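S.K.: Following is a predicted model, sequence given first.
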Amino acid sequence: AGALVWLWGRTEGRWGPAIAEGDEALNNAIQGALPGVLRVAAVASALFLLWRARRPAAAAE
């Protein structure tokens with residue numbers, strides 16, 4: 001979702017230089033954002049797993 005907002009902002013010229021019109025320019029921008037998206041997803045997954053591992057087990061009823 002964050003990458004989509006970033007790409008929208010770039011196409012509108014809200015932050016950074018605006019992405020040029022055309023499929024190739026947008027494709028290059030998406031490919032440029034992909035490594036960052038994957039890194040954020042990996043860190044978020046690791047943090048979630050650490051949080052779940054440290055959480056006390058629910059009491060058995």
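M.R.: Good, I have the coordinates. Because the structure is predicted, anything quoted here is derived from the model rather than measured.

S.K.: C-alpha from now on. contacts and neighbour counts both.
M.R.: Fine.

S.K.: And the residue nearest the centre of this protein?
M.R.: Computing the C-alpha centroid of the chain and ranking residues by Cα atoms, centre = their mean puts V37 first, at 3.6 Å.

S.K.: Surely that residue touches A1?
M.R.: No. The pair V37 / A1 is not scored as a contact, 9.5 Å apart, by Cα atoms under 8 Å.

S.K.: where does this structure have low pLDDT?
M.R.: Residue ranges of the chain with pLDDT under 70: 58-61.

S.K.: make it 80
M.R.: Regions of the chain meeting the criterion pLDDT under 80 cover residues 16, 56-61.

S.K.: Can you tell me the closest non-neighbouring residue to G13?
M.R.: For G13, ignoring the flanking residues on the chain, the nearest one in space by Cα to Cα, 6 or more residues apart in numbering is I19 at 7.4 Å.

S.K.: Pull the contacting residues for that neighbour.
M.R.: Applying Cα atoms under 8 Å, 6 or more residues apart in numbering, one finds that I19 lies in contact with 10-13, 25-26, 29.

S.K.: so of those, which ones are in helices?
M.R.: When DSSP state H defines the helices, the subset of the contacts of I19 inside them is 10-12, 25-26, 29.

S.K.: Would you format those as JSON lines with distance to R55 and neighbour count included?
M.R.: Rendered in JSON lines, the data for the ones in helices among the contacts of I19 read as follows (distance: Cα to Cα, whole Å; neighbours: other Cα atoms under 10 Å):
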{"residue": "R10", "distance to R55": "40", "neighbour count": "18"}
{"residue": "T11", "distance to R55": "42", "neighbour count": "18"}
{"residue": "E12", "distance to R55": "43", "neighbour count": "13"}
{"residue": "A25", "distance to R55": "45", "neighbour count": "12"}
{"residue": "L26", "distance to R55": "42", "neighbour count": "16"}
{"residue": "A29", "distance to R55": "39", "neighbour count": "16"}
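
S.K.: Closest one to L47 out of those residues, please.
M.R.: Of all the ones in helices among the contacts of I19, the one with the least separation from L47 (Cα to Cα) is A29, at 27.6 Å.

S.K.: so who does that closest one touch?
M.R.: Residues counted as contacts of A29 (Cα under 8 Å, 6+ apart) are 7, 19.
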